[in-house]
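I'll drop the sequence and a predicted model, then ask my questions.
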Amino acid sequence: MKRRDFILFGAGGLAALPLRAHAQASGKVWRMGFLAHGYESFYDALFEGLRPLGYVEGKNLIVERRYAEGHPERFPDFAAEMVRLKVDIIVVSTTPAALAVKNTTSAIPVVFPNAISPVESGVVASLAMNLAEMYRRGAYFVDKILKGTKPAELPVEQVTKFELVLNLRTAKAMGWAIPPTIVATADEVME
């Protein structure tokens, strides 16, 4: 992997591997691979974000969706299938999918709107973030890459808004005492 082959985005990452395509050709139909564990409604934000940029599924965008459905060992097969289908770009929603694509090809750019999940890795039990907004922002990067911008030329983005959400019922059940100063600074408190 060359320097800046991965571009981090959001609380996790937006990754883009080297791109071999050139500027968007008039009338071109783009093929996008989409790999995830299963359908989540916040993925819709990516496709909603692509529409105003001129990418309409069924018109000039074909999306090849593959869901592991609880079987992450399927991701390497999905990645190989995306190569056979000659997709122009792959959007992944999970670390195992990103790693499978990385191990399969370096010729297809990969967009990773939410990076390595601290929940998946066991670092935290839950994490509040606006995934729909992250996927909508991912549409911007898909557009730039499909129009010929080299992934290494795209800026690294990081979260600019953090929220503190406290669940006092859970904290009490676990025997944790949350200091009043922390409660007072929380953006949201669930009692």
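Nice, I can see it.

need the three-state assignment for Val189.
What DSSP: H, G, I helix; E, B strand; the rest coil gives for Val189 is strand.

mind listing the residues bridging to it?
With DSSP bridges as the criterion, Val189 is bridged to Leu166.

neighbours around the closest residue to Ala36 other than its chain neighbours, how many?
Among residues not flanking Ala36 along the chain, Ser93 sits closest, at 3.9 Å (CB to CB, 6 or more residues apart in numbering). Bear in mind the C-beta positions are built from the backbone N, C-alpha and C, glycine included. Residues near Ser93, counting by other CB atoms under 10 Å, number 25.

tell me the spacing between Ser93 and Phe75.
11 Å (CB to CB, to the nearest Å).

mind checking the SS state of the spatially most central residue of the chain?
Centre of the chain computed as the mean C-alpha position; nearest residue by CA atoms, centre = their mean is Pro113, 2.4 Å away. At Pro113 the chain is in coil, as set by three-state DSSP.

just Phe34 next, same as before
Looking at Phe34 with three-state DSSP, the answer is strand.

that one contacts Glu64, doesn't it?
Yes: when contacts are counted by CB atoms under 8 Å, Phe34 is listed as touching Glu64 (6.8 Å).

of the two, who's got more company?
Taking neighbours as other CB under 10 Å, Phe34 and Glu64 compare with Phe34 leading, 22 against 15.
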